[in-house]
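Participant: how does the following fold in three dimensions:
(chains A and B)
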Amino acid sequence: MSEKSKDKLPRLLRGMKDILPQDQSQWDHLRQKVKAFATSYGFSRIDTPVLEQTSLFVRSVGKGTDIVEKEMFSFVDQGNEQVTLRPEATASIARAFIEHGFVNQPKPVKLFWMGPLFRHDRPQAGRQRQFWQFDFESLGEAHPVVDAELILVAYTIVRELGLEPVVQINSIGDAQDRERYKKALVEYFRPRRNQLSDEIKKRLQRNPLRVLDAKEEEVRILVQDAPQIVDFLSEEANKHFVKVLEHLDELDIPYVLNPRLVRGLDYYNRTVFEIWPTGDDTGQLALGGGGRYDGLVESLGGQPTPAAGFAIGIERLLMKMREANVPIPQPETPRIFIAQLGEASRKKCLKLFEDLRRAGVSAVHSLAKDGIKQQMEIANRIKVKYTMILGQKEMIDGTVLLRDMDNGIQETISFEKVIPEVQKRLERSVLKANRTNVPYA
RNA sequence: GUGGCUAUAGCACAGUGGUUAGUGCAUCGGUCUGUGGCACCGAUGACGAGGGUUCGACUCCCUCUAGCCACCCCA
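Facilitator: Residues are numbered from 1 along each chain as shown, chains lettered A, B, ... in the order given. Reported below is the predicted structural model:
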């Protein structure tokens, strides 16, 4: 260390996080559950590459969006190709849908996706530059029941993971509806221009919908009386929205009609929704969101394909689960430690370790250590149930000492019988021990 | 991209414009070449980076980097 200056040491890139061994059980637990949900709701898994053509995201997410304007990890590769680390999943899924002829499958095509995404934002609470999402997408059906099913899935997953989500929902209509609405919005604000900040004025010009989610108090007050997009929906879009809500009522899913909910990606139309944790009324830490994107596949060159989907952020989910002290099953810890004494015993013990593994018993050893005391300390530290001791004496007798670490009782067992004996005892102790759940921590 | 706060060992925290920067936990070793939870002893290991002010900077100033928080936006 003294020789090397510290700035030469390799370091984590900004906004990147290692997922350490002690956090893996939470991640595994969560991912496993999400996978099980996907299967039970009939969504098939699809994985897409981390790297895609830059144009894919520019065309789908939209040129004027923050994601494309300032958050993409883009570069030119050695083959002079413009590439981007995926900032979201839906575009890739739509690309795969087109590329692999999913049009020829029965509709809707229900897909499940899980993986890391990359956005070059400034890190803060619940935000990293590499983060995980899982996505559920349903392609090929325009019917509102599809929207409702997706909301059901999103809501249920979050709920069954131990949180109390609230669905925020809105309809942003179809393209023509939005055009008429934008005009009305601009007109509404025109006589009130002097009350607006420069930033808001700019938004009003570039993307009037953005004014709706402004955080400034004065603007929010104005927004309350501003025209609402629901009043500008075409008859079909309105019917569609009403049907989605009827389904949610039937399912007893609590939702909040949020006329100010607009989403930051260009491909959305009609139904948009977000999943907020209870207690968050700003949406600052939305767990996820989604909506309908009927035009996306076609705009990327595929057949006209109505579709909808949602994404949920895994780190945010974990964060909220920790905050809420949601219990998580303890990871399996090893129950057996192998302690050895002497060169011959060491050889025997590595073999024993492997034999145990083959018998389905995962043991821990520290074969590199010499002193039995050190080994016992380690066994104690990792809280195994039994320690198997093989010293010179046992080597001569062809036995193993089996020490119960809770009460210190030791028994001599013949070497041949020790594996079945250990299996038997572990089974018994598993039955006895009531599985304890500890909170995410 | 903008703003505020912060940066001392693996972790949690002390500390000072002036010899060798402390403590607890952890790690390694010893007391203790056949037995853990205890105790005692010892060792390893840090002032984020670069520049400036100063006789002297870990301490004061600037820049950078990173972290946290907020804005923008989103997961």
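
Participant: sec struct for the residue of chain A at minimum distance from RNA strand B, please.
Facilitator: Residue of chain A nearest RNA strand B, by C-beta to the nearest atom of the strand: residue A:264 (0.7 Å). Glycine gets a C-beta too; all of them are placed from N, C-alpha and C. Secondary structure of residue A:264, reduced to three states by DSSP: H, G, I helix; E, B strand; the rest coil: coil.

Participant: what is the burial count for the spatially closest residue to it that is not a sequence neighbour?
Facilitator: Distances taken as C-beta to C-beta, 6 or more residues apart in numbering put residue A:65 closest to residue A:264, at 5.7 Å, once the chain neighbours are dropped. Residue crowding around residue A:65 was assessed by other C-beta atoms under 10 Å; the count is 20.

Participant: please apply the same query to the one 5 residues further on.
Facilitator: The burial metric for residue A:70, expressed as a neighbour count using other C-beta under 10 Å, is 10.

Participant: wait, doesn't it sit right on residue A:120?
Facilitator: Yes - Residue A:70 is in contact with residue A:120 according to C-beta atoms under 8 Å; the separation is 7.2 Å.

Participant: returning to that earlier point: correct me, but the residue of chain A closest to RNA strand B touches residue A:68?
Facilitator: No - applying C-beta under 8 Å as the test, residue A:264 and residue A:68 come out as separate, 10.3 Å apart.

Participant: list the contacts for residue A:63?
Facilitator: Going by C-beta atoms under 8 Å, 6 or more residues apart in numbering, residue A:63 touches A:69, A:266.

Participant: what do you get for residue A:138?
Facilitator: Taking C-beta under 8 Å, 6+ apart, one finds A:108-111, A:146, A:149-150, A:307-309 in contact with residue A:138.

Participant: which element, helix or strand, includes it?
Facilitator: Using DSSP states H and E, residue A:138 sits in strand A:130-139.

Participant: for that strand, the averaged confidence score.
Facilitator: Strand A:130-139 carries an average pLDDT of 97.

Participant: close to RNA strand B, is it?
Facilitator: Yes - Strand A:130-139 reaches RNA strand B (C-beta under 7 Å from any atom of the strand) through A:131, A:133.

Participant: what's the burial count for the residue of chain A closest to RNA strand B?
Facilitator: 15.

Participant: residues of the helix or strand harbouring residue A:147 that come out buried?
Facilitator: According to DSSP H and E, residue A:147 maps onto helix A:144-160. Applying a neighbour-count criterion of 16 or more other C-beta atoms under 10 Å, one finds A:144, A:146-155, A:157-158 buried in helix A:144-160.

Participant: next: stretch A:286-304.
Facilitator: Of the residues in stretch A:286-304, those buried (16+ other C-beta under 10 Å) are A:286-297, A:300, A:302.

Participant: same thing with stretch A:389-401?
Facilitator: Buried residues in stretch A:389-401 (16+ other C-beta under 10 Å): A:389-391, A:394-395, A:399-401.

Participant: stretch A:23-43 too?
Facilitator: Within stretch A:23-43, the residues that count as buried by 16+ other C-beta under 10 Å are A:25-26, A:29-30, A:34, A:37-38, A:41, A:43.

Participant: what's the answer for stretch A:123-134, then?
Facilitator: Within stretch A:123-134, the residues that count as buried by 16+ other C-beta under 10 Å are A:126, A:128-134.

Participant: ditto for stretch A:87-107
Facilitator: Residues of stretch A:87-107 classed as buried under the neighbour-count rule (16+ other C-beta under 10 Å) are A:87-98, A:102-103, A:107.

Participant: contacts for it?
Facilitator: Taking contacts as C-beta under 8 Å, 6+ apart, the residues outside stretch A:87-107 that touch it are A:46, A:48-49, A:52, A:56-57, A:59-61, A:67, A:71-73, A:86, A:109, A:111, A:113, A:115, A:117-119, A:133, A:135, A:137, A:139-141, A:265, A:267, A:293, A:296-297, A:300-303, A:305, A:307, A:309, A:311.

Participant: done for today, thanks.
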